[in-house]
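**Q** A structural model of the following input is requested.
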Amino acid sequence: MANISAAHTESISRRLCAPTTDLDLIRTWFDKCTRYHKRCGGNNQSWFPSRLLYLEPRGRYIKLVVTEDSPPNGSYITLSHRWGRERYTKLRSSTITRLQRAIDIVRLPKSFQDAVRISRHLGVQYLWIDSLCIKQDEIDRSDWMIESQWMDKVYSSACLNLSATRSIDDSDCLLGRSSWTSQIPTKINLGTDDLPQNTYVVNGNLWEDEVEKGPLLSRGWVFQERYLARRIVHFGESQLCWECMKSRGLGMFPNKLPVTMGLSDSKRSSWASITPPSTSSTIPTLDIKFAVEWQELMRQYSKCAFTYRGDKLIALEGIVKSNIPIRPGDKYAAGMRKSTAPLDPPWWRWDEDCELFPIEKTSFRAPSWSWASVDGEICFPFDFPEPLSRPRECYAKGKDIVGHTIDQKGDISARGKMQLEGLCFPLRIHWQGIDEPSGFTVQGFHFSTDEGPLKSSIHLEASMEVVGSLSNSWRLLLLPLFATNRAIFSIVLVKTHGIGAHRRIGAIEIEVMIESVPTLAEREDQGLLIQANRQSLMGLPERMLDGYATAWRKRALNFIGYLQARKVHSRLISIL
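**A** So this is what the prediction gives:
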């Protein structure tokens, strides 16, 4: 729960005296944001999709127009929705002439009808809906392949995006579901110094409940649409929500979200702020910042679902294109960047997702080094606050990256490679029972994966049987990538056909420090260094040690020293 400040209390009082309809609230938000955008000189419409729906000012008919033949006079609105089973005439090669003559609004899904109504109320004459503006031919996907390449412009150029966030399919209406009572905070009477005082209390997770947990936002294509759109109206379960580059609002708080909700004020600050790459050092500060932001964006994206598994990389292209002008010279391939290699490859998945989404069913989609070759939530190395997550030593350099290709039929080829300059060492995995790793050995250094304050972690994508066979025949290799104050991050490779060619089958994390106070037995059994020996610990500054750890593992620190001494022997390693 969150208490509301005096300013928001006054806003609530005004709202209670003058309640508005959903259409009026959307109009207020839209006009306010449009005026701000016009003052910044950004209201010129210069790009349009190849097809749009033209909305007569009134009446039950609209029609499809080809913008090359009939250039639009004004801006357009987009609709983000989840497809359902409702039957209506979609755009196909066989229906395009009919839709250009007239489309009966009454025969469209309810969410489409409301989108038309909202657009007309805002005075916008054009609307873009995917199933009515992109051909949905089942056999010939050529039109879809062409139009899908423009998704970054479709949503970023629209003046507004309507998001059916609460709806499980397009049969649900947008308007009329908001409850006026749900937009009134709970009013309680609190006594302070024997003086009664009225206080408003609201659910601090209101934005998350209305927006982030909406069924629509679990879809991969919608993730891109939300990222690219400048302004969005979310139709939540109980009220409307507004999101733009300048501000956020709820039906309960139309002007601004309370600080006590713990959310940023604008859409811009909630997404990755892309920074240009730097070439000033082996691990540029700006690239680390970008890597953290990019990895968080990809982690969120990886949780999204797709009707067609092959769409995972295609639906990401719009976000990638939107960043290319800001990061000149950077190469992108299969969900990863050259500028952040080798910081990205140590991704991993939870065991449950590995079992639920076996890599064999999705490996066609991307090379083995790419997280896009699997489904389920992806975890990346930078999941700890600084200074624990900041790389202090890097043992590999990114030399090149080549990704997937997509043909005219929409088929994806997983061919591609990542070239790193680094060190590869023979790896031997030890087992507890038949399918549980107990530890591993590399260059005479043994690390345990048993429970304990400094256990190392092995995350494998291949089956235990396959990995066990490869390990016993000494075909596994460890490629260390970088070390943070907390751990050493590496990937597991296996040699494949071709000179110097390898395939990634997992990741390994070697813990370096712990935050809990070790017992005397733990110090002796695990070879721990305590704070008294700080001067010998990787040269870590005092300010980075206080409050973060009390012990470090000597074996891991010795391995870091070994890697540092061997860096001069780095060689080119190709991963397919």
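
**Q** now the helices: where do they sit in the stretch 351-500 of the chain?
**A** Counting by DSSP state H, counting those that start in this stretch, one finds helices in the stretch 351-500 of the chain at the ranges 351-356, 464-472.

**Q** Including mean pLDDT and mean neighbour count, could those go into JSON lines?
**A** C-beta coordinates here come from the backbone N, C-alpha and C atoms, glycine included. What follows is these, written out as JSON lines (pLDDT from 0 to 100; neighbours: other CB atoms under 10 Å):
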{"stretch": "helix 351-356", "mean pLDDT": "89", "mean neighbour count": "13"}
{"stretch": "helix 464-472", "mean pLDDT": "78", "mean neighbour count": "16"}
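
**Q** could I get those as CSV with distance to Gly249?
**A** Listed next are the helices of the stretch 351-500 of the chain as CSV, based on distance: least, CB to CB, whole Å:
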stretch, distance to Gly249
helix 351-356, 35
helix 464-472, 51
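
**Q** Indicate which one of those helices is closest to Val402.
**A** Of all these, helix 464-472 sits nearest to Val402, with 25.5 Å by CB to CB.

**Q** tell me what that closest one is packed against?
**A** For helix 464-472, the packing partners by 3 or more CB pairs under 8 Å, 6 or more residues apart in numbering; DSSP states H and E come out as strand 425-431, strand 501-511.

**Q** Out of those, indicate the one that is most buried.
**A** With neighbours defined as mean count of other CB atoms under 10 Å, the helices and strands packed on helix 464-472 peak in mean count at strand 501-511, which reaches a mean of 21.

**Q** packing partners for that strand?
**A** Helices and strands touching strand 501-511, by 3+ CB pairs under 8 Å, 6+ apart, are strand 457-460, helix 464-472, strand 476-484, strand 487-495, helix 554-566, strand 571-575.

**Q** re earlier: if we compare the helices and strands packed on helix 464-472, which one ends up closest to Lys567?
**A** Per CB to CB, nearest to Lys567 of the helices and strands packed on helix 464-472: strand 425-431, 12.9 Å.

**Q** what packs against the closest one?
**A** Using 3+ CB pairs under 8 Å, 6+ apart, strand 425-431 sits against strand 437-442, helix 464-472, strand 476-484.

**Q** mind giving me the domain split of the chain?
**A** Here the domain assignment for the chain is 2-21+179-204, 23-177+208-270, 285-575, based on automatic domain parsing.

**Q** worst average pLDDT in those?
**A** Sorting the domains of the chain by mean pLDDT places domain 2-21+179-204 lowest, at a mean of 60.

**Q** would Leu64 count as being in a helix?
**A** No: Leu64 sits outside any helix when classified using DSSP: H, G, I helix; E, B strand; the rest coil, being strand.

**Q** which residues in the stretch 201-350 of the chain form strands?
**A** Remark: strands assigned in the stretch 201-350 of the chain by DSSP state E, counting those that start in this stretch are 231-235, 240-244, 248-250, 332-333, 336-337, 348-349.

**Q** Within the sheet, what are the partner strands of the fourth one, with directions?
**A** Looking at strand 332-333 with DSSP bridges, its partner strands are strand 336-337 (antiparallel).

**Q** just how off-centre is the strand it pairs with within its chain?
**A** From the chain centre to the centre of strand 336-337 is a distance of 13 Å (CA atoms, centre = their mean, to the nearest Å).

**Q** Looks like Ala164 contacts Arg219 (just checking).
**A** No: with contact defined as CB atoms under 8 Å, Ala164 does not count as touching Arg219 (10.8 Å).

**Q** So for Asp170, which of the strands of the stretch 201-350 of the chain sits nearest?
**A** For Asp170, the closest of the strands of the stretch 201-350 of the chain is strand 231-235, at 12.1 Å, according to CB to CB.

**Q** any idea how far the closest one is from the chain center?
**A** Centre-to-centre, strand 231-235 and its host chain are 19 Å apart (CA atoms, centre = their mean).

**Q** next one: stretch 502-514
**A** Mean-position distance between stretch 502-514 and its chain equals 23 Å (CA atoms, centre = their mean).

**Q** can you pull the contacts of the nearest residue in space to His446 that is not next to it in sequence?
**A** Leaving aside its sequence neighbours, His446 sits nearest to Gly439 (CB to CB, 6 or more residues apart in numbering; 6.2 Å). By CB atoms under 8 Å, 6 or more residues apart in numbering, the contact list for Gly439 reads 429-430, 446-450, 456.

**Q** quick one: Gly439 from Gly249, how far?
**A** Using CB to CB, to the nearest Å, Gly439 is found at 53 Å from Gly249.

**Q** Equivalent analysis for Val568, please.
**A** Val568 sits 57 Å away from Gly249, going by CB to CB.

**Q** Which one's more surrounded, the two?
**A** Neighbours were counted for Val568 and for Gly249 using other CB atoms under 10 Å; Gly249 has more, 22 against 7.

**Q** Verify the stated contact: that one with Lys256.
**A** Yes: counting by CB under 8 Å, Gly249 does reach Lys256; the two are 6.5 Å apart.

**Q** would a markdown table of the helices and strands packed on helix 464-472 with distance to Ser473 be doable?
**A** A markdown table is the format used below for the helices and strands packed on helix 464-472 (distance: least, CB to CB, whole Å):
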| stretch | distance to Ser473 |
| --- | --- |
| strand 425-431 | 10 |
| strand 501-511 | 14 |
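
**Q** I'd like to know which of these is closest to Glu237.
**A** Going by CB to CB, the one of the helices and strands packed on helix 464-472 nearest Glu237 is strand 501-511, 38.5 Å.

**Q** The closest one: partners in the sheet, and parallel or antiparallel?
**A** Strands adjacent to strand 501-511 in the sheet, as given by DSSP bridges, are strand 457-460 (antiparallel), strand 487-495 (antiparallel), strand 571-575 (parallel).

**Q** Could you give me the buried positions within the longest one?
**A** For strand 487-495, burial by neighbour count (16 or more other CB atoms under 10 Å) applies to 487-494.

**Q** May I ask which two of those residues are separated the most?
**A** Within these, Ala487 and Val494 form the most distant pair, 22.8 Å apart (CB to CB).

**Q** May I see the buried residues of stretch 567-576?
**A** When burial is assessed from 16+ other CB under 10 Å, stretch 567-576 yields the following buried residues: 567, 573-576.

**Q** Can you lay out those residues as JSON lines showing distance to Pro391?
**A** As requested, those are exported to JSON lines (distance: CB to CB, whole Å):
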{"residue": "Lys567", "distance to Pro391": "14"}
{"residue": "Ile573", "distance to Pro391": "19"}
{"residue": "Ser574", "distance to Pro391": "23"}
{"residue": "Ile575", "distance to Pro391": "20"}
{"residue": "Leu576", "distance to Pro391": "25"}
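
**Q** for those, which one is nearest Gln239?
**A** Taking CB to CB as the measure, Gln239 lies nearest Ile575 of the buried residues of stretch 567-576, at 48.7 Å.

**Q** check contacts around that closest one.
**A** Neighbouring residues of Ile575 by CB under 8 Å, 6+ apart: 345, 367-369, 417-420, 493, 501-504.

**Q** Output those in CSV; the columns should cover distance to Phe357.
**A** CSV is the format used below for those (distance: CB to CB, whole Å):
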residue, distance to Phe357
Pro345, 19
Pro367, 17
Ser368, 15
Trp369, 18
Lys417, 24
Met418, 22
Gln419, 28
Leu420, 26
Leu493, 22
Ala501, 26
His502, 23
Arg503, 19
Arg504, 17
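
**Q** Please name the residues that touch the nearest residue to Asp375 once chain neighbours are set aside.
**A** Excluding the flanking residues, the one nearest Asp375 by CB to CB, 6+ apart is Phe357, at 3.7 Å. Going by CB under 8 Å, 6+ apart, Phe357 touches 349, 374-376.
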